[in-house]
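> Provide a 3D model corresponding to the input given below.
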Amino acid sequence: MRGGLLIAVEGIDGSGKTTQAKRLVRWLRERGVSAQYTREPTDGQIGRILKAMALRRRVNPYLEALLFAADRLQHLERTIEPLLSKGYVVVSDRYLHSSLAYQAATTGDPEWVRELNKHARRPDLALLLDVKPQIGLRRIRRKRRSRFEQVELLEKIRENYLRMVERGELLLVDASRDAETVSETIREIVGEFLERT
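Numbers count the residues shown, from 1 in each chain. Model prediction:
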């Protein structure tokens, strides 16, 4: 394996992205692979603004889409690309396809969102942890829910993700199963991918 790969773990809220991304990093490290977990929105200045906006009832969806794109470019410049240049496998908990699913749903303008993110590096491998919104929402334990955590909106977002699966941009993983079974599936996919690269 040559290293320097970006793996994105995607899915709606409650799909298990964070758990599975962190498990994947641990598994890679156990096999001697230099791997690093990261996430979007980031903990940087723009990412912190986005996290605060997610808890508001009303937000300009176009402004939010611009901020997500800006946070991503900063994430690439400051975190992802330096790690890739050192040969790391970077596992990002949300990345480009989150905007293409979420902001396409909130703005109703998927072409504009795609254009907005055209300068973001494409992931080498992108996984969709797919669950129905009802299942995902039942799993969320936070006291304060974000504006995105509504069945109707998550249905639209999931449809956007599934369209990207059909186009070959993401590989689908059934995330309605128990966490260990999902982890095993992800390890199989990533293991085969690393053998080919």
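> flag the shaky bits of the chain, pLDDT-wise.
Across the chain, residues meeting the criterion (pLDDT under 70) sit at 1-3, 142-145.
> can you list the residue ranges for strands in it?
Remark: strands assigned in the chain by DSSP state E are 5-10, 35-39, 89-93, 125-130, 171-174.
> quick one: the shortest one to chain centroid distance?
In other words, strand 171-174. In terms of CA atoms, centre = their mean, to the nearest Å, the centre of strand 171-174 is set 13 Å apart from its chain centre.
> who does it pair up with?
Strand 171-174 pairs in its sheet with strand 125-130 (parallel), by DSSP bridges.
> then the partner strand to CSV, C-alphas only?
As requested, the backbone C-alpha atoms of strand 125-130 are provided in CSV (Å, rounded to 0.1, in the frame of the first residue of the first chain):
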residue,chain,number,x,y,z
LEU,A,125,-12.8,5.9,-0.9
ALA,A,126,-16.1,7.1,0.4
LEU,A,127,-18.5,4.9,2.4
LEU,A,128,-22.2,5.5,3.1
LEU,A,129,-23.4,4.1,6.4
ASP,A,130,-27.0,3.8,5.4
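> quick one: the helices in this structure, in order.
17-30, 45-53, 61-75, 81-85, 96-98, 104-107, 110-116, 133-139, 151-166, 179-196 (DSSP state H).
> how about these, which one is nearest Arg39?
Among the helices of the chain, the nearest to Arg39 by CB to CB is helix 17-30 (7.3 Å). C-beta: built from backbone N, CA, C; applies to glycine.
> show me what contacts the residue lying closest to Arg147 once chain neighbours are set aside?
Counting by CB to CB, 6 or more residues apart in numbering, Arg147 lies nearest to Ala54, which is 5.9 Å off, once chain neighbours are set aside. The contact partners of Ala54, by CB atoms under 8 Å, 6 or more residues apart in numbering, come to Ser146, Arg147, Phe148.
> swap in Leu66?
Counting by CB under 8 Å, 6+ apart, Leu66 makes contact with Leu116.
> ok, 6 Å please
Under the criterion of CB atoms under 6 Å, 6 or more residues apart in numbering, Leu66 has no neighbours.
> Asn160 and Val182: what is the separation?
According to CB to CB, to the nearest Å, Asn160 and Val182 sit 21 Å apart.
> again with Glu188
According to CB to CB, Glu188 and Val182 sit 11 Å apart.
> same check, this time on Ser15
For Ser15, the distance to Val182 equals 9 Å [CB to CB].
> ok, now which residue in the protein is the farthest from the centroid?
Distance to the chain centre peaks in the chain at Gly32, reaching 24.2 Å (criterion: CA atoms, centre = their mean).
> nearest residue to the residue positioned nearest the centre of the chain in space, please, no chain neighbours.
Residue closest to the mean C-alpha point of the chain, counted by CA atoms, centre = their mean, is Arg94 at 1.8 Å. Ranked by CB to CB, 6+ apart and with sequence neighbours excluded, the top spatial neighbour of Arg94 is Glu40, at 4.3 Å.
> number of nearby residues for that neighbour?
18 (other CB atoms under 10 Å).
> where's Val90 relative to Leu67, distance?
Computed with CB to CB, the distance linking Val90 and Leu67 is 22 Å.
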